[in-house]
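> the following comprises the amino acid sequence and a computationally predicted model.
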Amino acid sequence: MDGLQAQRAAAGSVGEDAEERYRALAFDTALSTLVAVAVYAVVKVSLDGFRQWRARISVLIVGSGPVGLTAALVAVRSGKVLKLTVLDERYRAALLCRPQQIALDPRSVKFLLGLGVDFDNMEGCWHNEHFFTRIGVFQEYLLSILEQKKLKVDVEVQLGTKFTEEYLRRIQRNEWPRVIVVADGSCGDSCAVLGISSDYTVESCHAYGANATIERLDQRQVPTPEIRAHSLYFDLSAYGVEALREPRNSTAKAAFHLKIYGTFRNRCVALVCPASDTKMVRFLRHTANSSIMKNIFHQSFNVYKTDIEPRLNDVTLHRMQCSRRLFEIQLSHRRVSAAFIEGDNVAVTVEGEAARVVNFDTGCGVNLGMRGLESMGTFIYQTATSVDQNDILEALSAKMQHSRQVAESFKQTGLAQSIYE
């Protein structure tokens, strides 16, 4: 019996040793697996980080207006561009002599400051945190910045070159850009060249407006602050419209807002009122007498102009061109503002007036284009560091969503910020 007990004890000892060895082996295996997974994760993260850090792409921008050149600056500042090409069918002289004035609002100023724009070195003036300058001056400044960036990025500005199918055919397949930014304005045909749908969504801004321009060659061509006037009413009794007969309810009255902007040489006037069905608004929307709007602009300009500029009189009134009547202010924006050319692996985004345009000039239209560029840096980064096509499609989807948000925001508050306030 003692022998049997000894055998059992020996067998139990062997079993315990085997179980201990099994536990040790399992622990070593689990630890080795954990270490291998950790090493793999660290190496993968390091390699992904290195790949993203090294990732550089080629970008083509069509259009060298304020929005196109700002997009070029965003691309350069992203740190993910190896080669940048800017195309425009206009020559440099035609670009830089553009006399129209633009007004950059505080949000656009902040955005441009983040891109390294030094407003102290640009001809212009400040008023109520807005910066006013001529389009040609703004474009010349941005072109000078791009020239300076040539030391870090391969920047090529091809002016006098039209974006066509022939131009694309001349590009070697291995040199095609990964990103194309279309910013050739509302009349450009680059989207058609790329096969992007020309369908637009047209939405009302719930307001009526009219524009006038005054060209006086004897005046200065220098940036000038804008002038705004609010709660205006016009006496149209001479045309058979009695304002006093409107309902006494103030909400039914058509209060107009006036804005005078531009240089003294190229003066612009915008007149707008929220949508209403008052007698005066109906009359000004449907009148066939074009002299009525001209007289309204004539008298309004003389009342609210600056003291140092001359009045309009019967002799100089012929220099004014204006809308014949009030029209509905509408925002048109592309249904498709971003696309992926699958065979060539190219991501395309449409910006500025090529993507969205208002049929009414407020002098602040460039800010609508700047809003669309606020997501450009992220879009270029995501495209450059994409692993596969799904990553690019996600970046394009986010860009389109932002474009729709820009349009919706302008429809709700654009006129309020640019004229009403």
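Perfect, thanks for sending it. Bear in mind that the values here come from a model prediction, so they are computed numbers and not experimental data. Numbering: from 1, shown residues only.

> all helices of the stretch 251-400 of the chain, in order?
Counting by DSSP state H, counting those that start in this stretch, the stretch 251-400 of the chain has helices at residues 279-286, 290-304, 365-373, 376-384, 389-415.

> out of those helices, nearest to residue 199?
Closest to residue 199 of these is helix 389-415 (C-beta to C-beta; 13.7 Å). Placement of C-beta: from N, CA and C, glycine included.

> tell me what that closest one is packed against?
In terms of contacts (3 or more C-beta pairs under 8 Å, 6 or more residues apart in numbering; DSSP states H and E), helix 389-415 is packed against strand 200-215, strand 327-334, strand 338-341, strand 346-350, strand 356-358, helix 365-373, helix 376-384.

> as JSON lines, those with distance to residue 259, mean pLDDT and mean neighbour count would be great.
Formatted as JSON lines, the helices and strands packed on helix 389-415 follow (distance: least, C-beta to C-beta, whole Å; pLDDT from 0 to 100; neighbours: other C-beta atoms under 10 Å):
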{"stretch": "strand 200-215", "distance to residue 259": "10", "mean pLDDT": "95", "mean neighbour count": "18"}
{"stretch": "strand 327-334", "distance to residue 259": "13", "mean pLDDT": "96", "mean neighbour count": "19"}
{"stretch": "strand 338-341", "distance to residue 259": "33", "mean pLDDT": "92", "mean neighbour count": "18"}
{"stretch": "strand 346-350", "distance to residue 259": "28", "mean pLDDT": "95", "mean neighbour count": "25"}
{"stretch": "strand 356-358", "distance to residue 259": "14", "mean pLDDT": "95", "mean neighbour count": "23"}
{"stretch": "helix 365-373", "distance to residue 259": "13", "mean pLDDT": "95", "mean neighbour count": "23"}
{"stretch": "helix 376-384", "distance to residue 259": "29", "mean pLDDT": "95", "mean neighbour count": "21"}
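
> residue ranges with poor pLDDT in this structure?
Within the chain, the stretches with pLDDT under 70 are 1-18, 27-28, 35-55, 242-254.

> returning to that earlier point: tell me which of the helices of the stretch 251-400 of the chain sits most buried.
Ranked by mean neighbour count, the helices of the stretch 251-400 of the chain are led by helix 365-373 with a mean of 23 (mean count of other C-beta atoms under 10 Å).

> so which elements touch it?
Going by 3+ C-beta pairs under 8 Å, 6+ apart, helix 365-373 lies up against helix 66-77, strand 101-104, helix 106-114, strand 356-358, helix 389-415.

> could you point out which of these sits nearest residue 91?
Proximity to residue 91 (C-beta to C-beta) singles out helix 66-77 among the helices and strands packed on helix 365-373, at 15.1 Å.
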